[in-house]
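Asks: I would like the atomic coordinates for the input below:
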Amino acid sequence: MRVRVFRNFVVYSISNYLPKFGNFLLLPFISSYLTTSDFGNYVLALSIIQAFSYLKMLGMDLIISNVYFKHPKLFKPFWNHVYGFLTLASLILGVVFFLILFLVFKSEEYAFLLAILTSIPIIFFSVTEGIYLRLYNAMQKSENFLYRSILFGLVNILTTYYCIVELKLGFMGWFWAALLASFISFLFMIYVLIFKEGIVPYFFIRWKSIMRILRVSLPILPHYYGTYLMSTSDRLQLKFLGQSTTDIGKYGIAAMFSNVAQMISNSFKLSVGPQLTTYLRDHDFISYLKAIRRYQVIFLFLTIFLSVWLNEIVSIFFSKQYEVSISDMAIWLVMSINYVPIYMAINQQFFFYEKTKSLWKRSFFAFAVNLLLNIVFVPVFGVVVTAISTFLTNFFFAISGMFMDDFKMICKVKIRAIEWMLLCLFITLFLVYLLPNNPIIKISISIIVALFLIFYFKTTIRNFYNAFFTKS
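Replies: So this is what the prediction gives:
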């Protein structure tokens, strides 16, 4: 089981986020063709896109996954029905997205073109991607993502370079490249779903059935949206708090490094989710807790390793835009990803037992805390406050679930979440304010971290090496 999870984690990391990670590695080659304002405009547009990406499945992705696990031989008619409904809903969602993005950028000459480029994938491609991802995630056939994503990731990377460097389209080059890669990916996924798996959108909607599904799925949606409000809406908050596009661009640059960590955490959720669901189904709560603790160790040491070198990495990737404050913000944002194991430990139980009706309260209260911190302190101390408030509210968001009545009813394991938050906070303070800018000390810390991880996971690494291309 552990080898399968590790293999799936690596495959999901490569396949799901190759285009994004590839664009990240492109930064040393394209950043000189971009201004800090370009980065500001890019992250503003991206924050709106991500807001709608949380809405595309209307919370039904977890419902269809549960149906697959509970009825693995009878799930297709249910999936087809949901697929058809979501495809129709995406038309409305895409039009709303187009209008909002156009209004935000209405003073810019590229507003209409930007809205067109970004709304097409939401209307035509996003639901198919969500169904495809959930199907192979539930089946734990992670290799199905790999070769497809390598091909389309390369298309995205090469097109991005061509649009920004050769055509000098500025930040719009990212969106032209994303549209082309999304279209090619859609053609592949629709072929696989329809002709290989028999998953076909059914457009004759049974509204009573859909309404029953929505009663369970919609309470999940505010929870997802609350996650967005904390993790991505900070760019929009900075705009409405009067911060310049240049300052937003600096924060956006810092956030790009946390986005890499976020990609890894999303792959972790996809690969670990089925394992944790299996433990809950089998009432194996000891293994459930051991798995969570194991992933806490992985997250902490990997984020420490990255944070130690962020000052040097930022100066290499963004030599034109580099400032020390950017690397400090990046450390806060990267270390904030350590909330994920606790979040998974708590939320997987909410989702499995379908106790989702009150999750929106937790999400929006955490967002309210985040917004209040930014409103009070950003005008005084600047954009760095946003990075610190993101760290604090991410952990608050994860931990607060423990105090909900629904969780107290279903919780089977003791999770030391507060102690974990304090440990991560003290380590982050050390990395930002006390770590000497001494290469020898940094190399020593990196070696210690690497040796610990190798020793801690030596059996898993050996088995993974032997079994990566075999079924486990």
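Asks: domain ranges for the protein?
Replies: For the chain, automatic domain parsing gives the domain ranges 1-218, 219-435.
Asks: can you give me how far the first one is from the chain middle?
Replies: Taking the mean C-alpha point of domain 1-218 and that of its whole chain, the gap between them comes to 12 Å (C-alpha atoms, centre = their mean, to the nearest Å).
Asks: just send the domains of the chain back as TSV, with mean pLDDT too.
Replies: Below are the domains of the chain laid out as TSV (pLDDT from 0 to 100):
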stretch	mean pLDDT
domain 1-218	82
domain 219-435	81
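Asks: turn the ones you listed into JSON lines, including distance to Ser446.
Replies: The way it works is simple: take the backbone N, C-alpha and C, and place the C-beta from them, glycine included. JSON lines is the format used below for these (distance: least, C-beta to C-beta, whole Å):
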{"stretch": "domain 1-218", "distance to Ser446": "20"}
{"stretch": "domain 219-435", "distance to Ser446": "6"}
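Asks: got TSV for those, with distance to Ile454 and mean neighbour count too?
Replies: Listed next are these as TSV, based on distance: least, C-beta to C-beta, whole Å; neighbours: other C-beta atoms under 10 Å:
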stretch	distance to Ile454	mean neighbour count
domain 1-218	14	18
domain 219-435	11	19
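Asks: so which of these comes closest to Tyr456?
Replies: Proximity to Tyr456 (C-beta to C-beta) singles out domain 219-435 among those, at 6.4 Å.
Asks: SS state for Glu109?
Replies: For Glu109, the secondary-structure state derived from DSSP: H, G, I helix; E, B strand; the rest coil is coil.
Asks: now it: phi and psi?
Replies: phi -70, psi -20 (degrees, to the nearest 10).
Asks: do the same with Pro436
Replies: Dihedral angles of Pro436 (phi, psi; degrees, to the nearest 10) stand at phi -70, psi 150.
Asks: ok, it to Phe301 distance?
Replies: Pro436 sits 20 Å away from Phe301, going by C-beta to C-beta, to the nearest Å.
Asks: for Ser358, same thing?
Replies: Distance, Ser358 to Phe301, by C-beta to C-beta: 34 Å.
Asks: also Thr278?
Replies: 26 Å.
Asks: what's the answer for Ala177, then?
Replies: Here Ala177 is placed at a distance of 34 Å from Phe301 (C-beta to C-beta).
Asks: Thr245 too?
Replies: Taking C-beta to C-beta, one finds Thr245 at 36 Å from Phe301.
Asks: repeat for Leu359
Replies: From Leu359 over to Phe301 the distance is 30 Å, taken as C-beta to C-beta.
Asks: what helices or strands is the one helix or strand Phe301 maps to leaning on?
Replies: Phe301 belongs to helix 285-308 when elements are defined using DSSP states H and E. Packing partners of helix 285-308 (3 or more C-beta pairs under 8 Å, 6 or more residues apart in numbering; DSSP states H and E): helix 245-281, helix 324-335, helix 340-352, helix 417-429, helix 439-456.
Asks: got the angle for it vs helix 324-335?
Replies: Regarding helix 285-308 and helix 324-335, their directions subtend 170 degrees when assessed with axes from the mean of the first three to the mean of the last three C-alpha atoms, to 10 degrees.
Asks: what separates the nearest residue to Thr246 once chain neighbours are set aside from Leu300, distance-wise?
Replies: Distances taken as C-beta to C-beta, 6 or more residues apart in numbering place Thr36 nearest to Thr246, at 4.8 Å, with adjacent residues excluded. Thr36 sits at a distance of 32 Å from Leu300 (criterion: C-beta to C-beta).
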